[in-house]
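Visitor: Only the shape, not the letters, is given here:
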């Protein structure tokens, strides 16, 4: 391979070897870079799950299931009544519990 290039190009064998090593090195760098990019892309997508529109809507609705009527702070559906009562006591001490969460007033009255 090296002798063939020396004859065709008229360059000395050392120069041809240096050029062939350099191009091989460049090719290896390109392959390494491509493999590294593919690996980082796979790693970035590994934790992601693709959701349907319905499941995204349900998740957004659950994330803001309870909302304080005074300060509009959202609470997840998993929020317990004592946590909602604590919010009212800490953020709105002069206001009534039923004023913060009117939809849950009877539920909170029995729970707290």
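Guide: Ah, there it is. Since the model is a prediction, treat every value here as computed from it, not as a measurement.

Visitor: so where's the protein uncertain?
Guide: 1-24, 47-50, 63-64, 105-112 (pLDDT under 70).

Visitor: What are the boundaries of the strands in it?
Guide: Here the chain has its strands, by DSSP state E, at 66-67, 74-75.

Visitor: Packing partners of the first one?
Guide: Think strand 66-67. Contact partners of strand 66-67 among helices and strands, from 3 or more Cβ pairs under 8 Å, 6 or more residues apart in numbering; DSSP states H and E: strand 74-75. Just so you know, the C-beta spots here come from the backbone N, C-alpha and C atoms, and that holds for glycine as well.

Visitor: Strand partners (parallel or antiparallel) of the strand it packs on?
Guide: Sheet pairing for strand 74-75, assigned by DSSP bridges, gives strand 66-67 (antiparallel).

Visitor: coming back round to it: out of the strands of the chain, deepest packed?
Guide: Neighbour counts (mean count of other Cβ atoms under 10 Å) averaged over each of those peak at strand 66-67, with a mean of 16.

Visitor: Residues contacting that one, please?
Guide: 73, 74, 75, 76, 77, 79, 84, 101, 103, 104 (Cβ atoms under 8 Å, 6 or more residues apart in numbering).

Visitor: hmm, try it at 7 Å
Guide: 74, 75, 79, 84, 101, 104 (Cβ atoms under 7 Å, 6 or more residues apart in numbering).

Visitor: With respect to residue 29, which of the strands of the chain lies nearest?
Guide: Shortest separation from residue 29 across these is recorded for strand 74-75, at 49.9 Å, computed as Cβ to Cβ.

Visitor: Contact partners for residue 68?
Guide: With Cβ under 7 Å, 6+ apart, residue 68 has these contacts: 87, 100, 101.

Visitor: so where do the helices sit in the chain?
Guide: All helices of the chain, identified by DSSP state H, fall at 2-9, 13-46, 53-63, 81-91, 97-100, 105-111.
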